[in-house]
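Colleague: Have a look; sequence and predicted model below, questions after that.
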Amino acid sequence: MSSAPDRRHEHAAGLGRASSVWIIGFSVLCGSVSLIYPFGRDQGSYGYAAWVLLDGGMPYLDVYAYKPPMNVLLHALAMGVSGVNTWAIRAMDIAWTAATGLVVASIALELWKRRDAALAAGLAVPFFYYQIDYWTTAQTDGWMTLPSAIAVWAVLRGGRALEHDRRRAILNWIGAGASAGVAVLFKYTAGLIGLPMLLALAWVRASYRHRVWLGLPAMLLGGLLTLGACWAWLSSGGAWDAFMDIQLGLASYIGHRADLSDIRRTLYWLFSLERTKTDLVPLVWTPFVALVPALITARPKNPASWLGWALVAGWWLIAFGNVLVQGKFYDYHYLPLLAPSALVTGLGFSALLRLPLARIPKPGLRAAMVAGLISVAIAATPMGGRAVELARVTVGGQTIEEYVASRSEYALSLYNVGEIRAVADLIEATTTPEQRVFVWGYAPTIYVRAQRHAVSRFLYNFPLRTEWRNAEYKAELMRELRAQPPDVFVVASEDRYVGLTGSKKDSMELLREFEELNEFVASLYSPETKIGRYAIFRIGDPTVAP
């Protein structure tokens with residue numbers, strides 16, 4: 001009976017201001033390396049859709065967007081605050097990561113009642129996250145980590161509140177379900193967070209001896225409220241039918257692209273520490289290393305502690321199942337591991353400090369040891385190199401253009417950042433904001449960087465490369481092009497991506513096969529120049545009918 005007051009007192013204090021400041025500050029420090037990152041293809045797609053929304057359009061109806069709407073809404077929030085630019089979403093990403101660290105730390109405190117473990121878990125979140133590169137940060141699988149973690153945390157808080165306020169407990173559980181719904185509206189596979197939420201409810205039942213059956217309908221209600229609000233918004237904007245049409249088409253892409261034979265290759269890369277997966281090594285392997293001191297100092301007679309372990313272990317396995325379900329094994333698909341990996345790492349680091357050899361009595365020496373470990377960890381991981389690049393650009397030793405040109409990861413065969421920036425800069429310099437552009441390819445970042453709108457909701461040609469609604473989509477595109485011929489028409493080449501499109505032909509070849517579009521371009525446009533793999537055409541007399 002005496003343990004309950006102590007527990008309440010400790011929770012009432014929460015993380016504490018100092019721990020929160022450390023987590024936020026460390027997130028800003030780690031995240032600063034991303035401020036010079038360019039956009040990848042996906043960020044450009046979400047960014048353009050967000051810009052359309054800010055200008056009064058509707059996602060899906062006025063711009064073709066694959067993912068559920070929270071991706072667009074978050075980008076719109078960032079750009080509404082900081083303007084239509086790449087920096088806005090990188091700054092939002094840092095704030096989002098800091099919030100994730102705070103929530104994960106709060107979960108650790110709920111489970112293990114150790115502030116050092118909570119602080120270490122919170123610090124592990126930005127450390128793991130910012131090992132990864134420009135393509136993998138500011139991605140859907142990372143965004144959904146925060147609402148997923150909030151859902152688990154709210155379940156735990158609801159259990160604690162049930163001891164003295166049933167109404168407050170139910171509100172927490174409704175909030176947990178609502179947060180899980182938000183996660184699903186980032187990506188459908190986030191629905192798997194429901195299983196860790198059930199494990200958290202089991203932990204509550206064992207730790208507080210409460211009847212928690214009310215948690216199930218409350219969480220379900222919360223999720224339905226979120227999804228219902230999404231439906232109401234899309235329906236009121238006339239975008240629900242377009243949304244459903246796109247999501248049904250997406251199913252054909254998922255079925256085509258999923259390839260479970262990649263599991264063996266990906267696991268081999270991770271086990272062999274292959275260079276292309278270096279940025280994932282801390283996220284995937286650190287929890288297993290942290291298990292050693294954590295198990296040495298574990299308290300087997302404390303059932304709540306072991307149930308906490310079961311929750312985190314189950315969460316990690318379910319998150320890895322999220323990777324397997326998607327079947328593509330891109331680096332960002334591992335980001336659901338972020339919260340459970342950070343929790344295990346935090347507990348392991350806390351346990352390490354409790355081992356006899358690590359018991360340094362003087363607080364100053366103890367802090368110095370921790371700071372030294374963090375410094376070595378940063379220097380020995382990809383983040384160290386990224387910090388050097390940021391410093392070089394910041395002090396003027398290298399321009400952004402030189403930085404982009406120096407990194408091989410920005411010159412992929414399918415997505416060359418330097419070429420895309422050059423095309424966008426040329427368009428911005430030679431057109432006015434009222435003039436329109438169309439890119440026949442898969443480089444939506446051109447629209448965002450040039451700050452020029454497309455003439456069609458198809459801001460890239462991927463939907464027209466698939467069999468899903470092919471004839472209807474092509475007819476729609478031609479209607480829009482004829483109604484308002486773009487002033488600049490950009491055609492990509494050498495952009496074959498069979499894994500994405502199922503086609504072995506590049507965009508130039510597909511243009512020639514699309515006879516109606518090819519005739520439209522030939523009759524209205526003149527070739528102006530070519531930048532890398534992008535051919536740029538200018539309109540002649542827009543009053544001449546094709």
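Modeller: Nice, thanks for sending it over.

Colleague: Where do the strands of this protein begin and end?
Modeller: With DSSP state E, the ranges of strands along the chain come out as 437-440, 488-492, 525-531, 534-539.

Colleague: Check the offset of the first one from the chain's centre.
Modeller: Taking CA atoms, centre = their mean, to the nearest Å, one finds the center of strand 437-440 at 26 Å from the center of the full chain.

Colleague: can you list the weak-confidence ranges in the protein?
Modeller: Across the chain, the ranges flagged by pLDDT under 70 are 1-13, 209-210, 251-266, 269-270, 272-276, 298-305, 355-367, 462-469, 499-502, 541-546.

Colleague: And the residue lying closest to residue 320 once chain neighbours are set aside, how close does it get to residue 285?
Modeller: Residue nearest to residue 320 in three dimensions, not counting chain neighbours: residue 337, with 6.5 Å by CB to CB, 6 or more residues apart in numbering. Where you see a C-beta, it was placed from the backbone N, CA and C, and this is true even at glycine. For residue 337, the distance to residue 285 (CB to CB, to the nearest Å) stands at 11 Å.

Colleague: So which of those two has more stuff around it?
Modeller: Taking other CB atoms under 10 Å, residue 337 and residue 285 do not tie; residue 337 has more neighbours (24 against 14).

Colleague: so the more buried one touches residue 318, yeah?
Modeller: No - Residue 337 is not in contact with residue 318 according to CB atoms under 8 Å; the separation is 10.0 Å.

Colleague: residue contacts, residue 55?
Modeller: Counting by CB atoms under 8 Å, 6 or more residues apart in numbering, residue 55 touches residue 453.

Colleague: Also the one 3 residues further on?
Modeller: For residue 58, the contacting residues are 52, 234, 237, 238, 239, taking CB under 8 Å, 6+ apart as the criterion.

Colleague: Please indicate which of those residues are buried?
Modeller: Among those, the ones that count as buried by 16 or more other CB atoms under 10 Å are 52, 234, 237, 239.

Colleague: Pretty sure the second one sits against residue 69.
Modeller: Okay, so that is residue 234. Yes - counting by CB under 8 Å, residue 234 touches residue 69, with 7.1 Å between them.

Colleague: and the spatially closest residue to residue 421 that is not a sequence neighbour, what does it touch?
Modeller: Nearest residue to residue 421, sequence neighbours excluded (CB to CB, 6+ apart): residue 449, at 6.3 Å. For residue 449, the contacting residues are 39, 86, 420, 421, 424, 425, 428, by CB under 8 Å, 6+ apart.

Colleague: Residue 497 versus the third one, what's the distance?
Modeller: Right, the one you point to is residue 420. According to CB to CB, residue 420 stands 15 Å off from residue 497.

Colleague: for the spatially closest residue to residue 123 that is not a sequence neighbour, what are its contacts?
Modeller: Closest residue in space to residue 123, ignoring its immediate chain neighbours: residue 26 at 5.2 Å, by CB to CB, 6+ apart. Contacts of residue 26 were listed using CB under 8 Å, 6+ apart, and they are 101, 123, 126, 127.

Colleague: How many residues are close by the third one?
Modeller: Neighbours of residue 126 under the rule other CB under 10 Å: 26.

Colleague: So it is in contact with residue 33, correct?
Modeller: No - under the criterion of CB under 8 Å, residue 126 is not in contact with residue 33, lying 10.3 Å apart.
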